[in-house]
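> return a 3D structure for these sequence lines:
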Amino acid sequence: MISLLTSRDRDVYLDFAELKVLVARILVTLHLDAPLPSTGTRLLHQHHSVRSAGIQRACSVRNVRNNELRLDAHLRAVLTALEGEMAPGAAATSEGDSEVQTGDDELKARIERLKAEIGRIDCETCAGKASRRPCNGRWQDGKIQRGNARCLDHLRGLFEFAVAVGNRAYAAVPHSGGDKAITVGLKTLPGRDLKVNAATHFPPDDHAAARAADVSIWLPAEKFEIANYYQTLYGLLHEVIVHAPQTLGIAGSRVPQGDDCPFSEGFIDSAAVQAFLAAIDDAASLPEPQREQVGHLDHVGLTARLRDGVMKEHGDRTDPDRIPPTMPFDPTAERERTILGQRWSGRQTFQKLGGFAGLVDEAISDAATRLALAINLLDLDRDKRLQFIRMLEQALTRDAERLTRKDLERKRAVQRFCRYGDLDSVLTAFNLT
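Numbers count the residues shown, from 1 in each chain. Here you go, the predicted structure:
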């Protein structure tokens, strides 16, 4: 058994305007997503735009004593404006008075939670810890943000949560390579896409004696909405659980797998999602900070939404029907459909493995996840990985009269793994030794 993942801060590449916009949008959308009334939506875009006059003016000023420049002051100004525009009952009409009144208490509670969270962000305290002035729009801001900046708590919290889920899942995985640990860093970057994007790279200090991986995440600060929060969590879970530990057992340098690989992007991605769902359902097994985090999510009604949001992202990334056939022929769209189809095949194989494991023993609910993650750690090239899921799919889906002797051996090996954790029998049956 291994304690696989440790986290480290890497770099924050968000400039000051993007940081102010992103933090405000995250806090507001998390606490006030109802969805927002139309007045609140307009206000959100007016006050949280990188291009807004207030942001441009604040970020061009080089005088840190100017209160408008500071992030905490900006957040308080946003809160004041929201309280005025979205005061309970303020939007009531003669026809909708009762409906608006019904939501008054909930809206008031949401605003109070938002107020409490904004009150925790104090630029002076953060800068004091770093022995620097508060962020002022210069390049040194990243060094302050990389410390214990409360403004990035939500992003760091998601990252630490993904690491905790990964450790919980891999702790149950048999591994013959001895105790190894991977240091995983998080880089936050501005994104120009409307969606959150993520990728894993292996830095120069990633070698057999000390493994390391850097997860980069591109955040659309200008348009960040509640769906982007779900995408952020899903992207971090995928990179931390699927890619950061991949081929841990290799002797030399590691190489990232392509986004068209059905093993990584479908089969192991499904295992990562199952690991997340299991962790949410068994929060007591997580470290105390993440246990408290799940409790807080339950309190503010976010747990169910996060679960649904992660499942939706997982489904969208593995659904070829999301992109209909194009007429006339569009090679770019068709390539995307092909990639989604390959991911879908890996996802289907994992679901069949889960169904088979349930037949072996209903009490062993995590056997499919454990087997997938155990294979993910092995020093296997792309061809071997594809060979494994192809053989597995054949053994699990062929009719009884079409099963070969090899298919039966592989099914028995999977049974032995489910019951006894016997990974060696799987490696032998699937020609992975």
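
> CA atoms for contacts and neighbours, from now on please.
Will do.

> what about residue 214, how many residues nearby?
Residues within reach of residue 214, counting by other C-alpha atoms under 10 Å, total 25.

> actually residue 238, sorry about that
By other C-alpha under 10 Å, 26 other residues sit near residue 238.

> repeat that for residue 317.
For residue 317, the neighbour count with other C-alpha under 10 Å is 18.

> who are the contact partners of it?
Residue 317 makes contact with 340, 343 under the criterion C-alpha atoms under 8 Å, 6 or more residues apart in numbering.

> ok, which stretches of the stretch 101-250 of the chain are strands?
With DSSP state E, counting those that start in this stretch as the criterion, the stretch 101-250 of the chain has strands at 182-190, 197-201, 211-219.

> neighbouring strands of the second one in the sheet, and parallel or not?
Neighbouring strands of strand 197-201 in its sheet, by DSSP bridges, are strand 211-219 (antiparallel).

> can you tell which of the strands of the stretch 101-250 of the chain is closest to residue 360?
strand 182-190 (32.9 Å; C-alpha to C-alpha).

> that closest one - contacts with which helices or strands?
Secondary-structure packing of strand 182-190 (3 or more C-alpha pairs under 8 Å, 6 or more residues apart in numbering; DSSP states H and E): strand 5-12, strand 211-219.

> lowest average pLDDT across these?
Lowest mean pLDDT within the helices and strands packed on strand 182-190: strand 5-12, a mean of 79.

> in that strand, which residues are buried?
5, 7, 10, 11, 12 (16 or more other C-alpha atoms under 10 Å).

> CA atoms only: put the helix or strand just after that strand into CSV for me.
Per DSSP states H and E, the first helix or strand lying C-terminal to strand 5-12 is helix 16-32. Provided in CSV are the C-alpha atoms of helix 16-32 (Å, rounded to 0.1, in the frame of the first residue of the first chain):
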residue,chain,number,x,y,z
PHE,A,16,-4.1,41.3,-10.8
ALA,A,17,-7.2,42.2,-12.8
GLU,A,18,-7.9,38.5,-13.6
LEU,A,19,-7.3,37.6,-10.0
LYS,A,20,-9.9,40.2,-8.8
VAL,A,21,-12.4,39.1,-11.3
LEU,A,22,-11.9,35.4,-10.8
VAL,A,23,-12.1,35.4,-7.0
ALA,A,24,-15.2,37.6,-7.0
ARG,A,25,-17.0,35.5,-9.6
ILE,A,26,-16.1,32.2,-7.8
LEU,A,27,-17.5,33.5,-4.5
VAL,A,28,-20.6,35.1,-5.9
THR,A,29,-21.5,32.2,-8.2
LEU,A,30,-21.0,29.6,-5.5
HIS,A,31,-23.2,31.3,-2.9
LEU,A,32,-25.8,33.0,-5.1
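
> and the angle from helix 16-32 to strand 211-219?
80 degrees (axes from the mean of the first three to the mean of the last three C-alpha atoms, to 10 degrees).

> give me the helices and strands touching helix 16-32, please.
helix 53-60, helix 71-85, helix 104-119, helix 226-237.

> now tell me what touches the last one from outside.
By C-alpha under 8 Å, 6+ apart, the residues outside helix 226-237 that reach it are 26, 29-30, 33, 158-159, 162-163, 165-166, 195-198, 215, 217, 272-273, 276, 306, 309-310, 313-314.

> so which of the helices and strands packed on strand 182-190 comes closest to residue 415?
Of these, nearest to residue 415 by C-alpha to C-alpha is strand 5-12, at 28.5 Å.

> from what I see, residue 334 and residue 325 are in contact.
Yes. If you go by C-alpha atoms under 8 Å, residue 334 and residue 325 touch, sitting 7.2 Å apart.

> ok, the two, which is more surrounded?
residue 334 (16 against 13).

> go through the helix or strand the more buried one falls within and flag the buried ones.
Residue 334 is located in helix 331-360, with elements delineated by DSSP H and E. By neighbour count with 16+ other C-alpha under 10 Å, helix 331-360 contains the buried residues 334, 337, 339-354, 356-358, 360.

> kindly report the same for stretch 401-415.
Of all the residues in stretch 401-415, those buried under the rule 16+ other C-alpha under 10 Å are 407, 409, 410, 411, 412, 413, 414, 415.

> tell me what whichever helix or strand residue 412 is part of is packed against?
Secondary structure from DSSP H and E places residue 412 in helix 405-420. Under the contact criterion of 3+ C-alpha pairs under 8 Å, 6+ apart, helix 405-420 touches helix 331-360, helix 367-377, helix 382-397, helix 423-429.

> for the second one, name the packing helices and strands.
In terms of contact count using 3+ C-alpha pairs under 8 Å, 6+ apart, helix 367-377 is assigned the packing partners helix 153-170, helix 269-281, helix 331-360, helix 405-420.

> so what touches it?
If you take C-alpha under 8 Å, 6+ apart as the criterion, helix 367-377 is touched by 169-170, 172-175, 242, 245-249, 267-268, 271-272, 274-275, 350, 353-354, 357, 417-418, 423.

> now the helix holding residue 334: mean pLDDT?
Rounded mean pLDDT across helix 331-360 is 90.

> now for that helix, which elements pack on it?
Counting by 3+ C-alpha pairs under 8 Å, 6+ apart, helix 331-360 packs on helix 262, helix 269-281, helix 367-377, helix 382-397, helix 405-420.

> number of residues surrounding residue 330?
10.

> do residue 16 as well
Residue 16 has 24 neighbouring residues, counting by other C-alpha under 10 Å.

> same deal with residue 210?
Neighbours of residue 210 (other C-alpha under 10 Å): 11.

> now it: how far from residue 174?
Residue 210 sits 20 Å away from residue 174 when distances are taken as C-alpha to C-alpha, to the nearest Å.

> and what of residue 354?
Taken as C-alpha to C-alpha, the span from residue 354 to residue 174 is 18 Å.

> repeat that for residue 202.
24 Å.

> the bottom helix or strand of this structure by mean pLDDT?
helix 97-102 (a mean of 46; mean pLDDT, DSSP states H and E).

> buried sites along stretch 240-259?
Of all the residues in stretch 240-259, those buried under the rule 16+ other C-alpha under 10 Å are 240-250, 254, 257.
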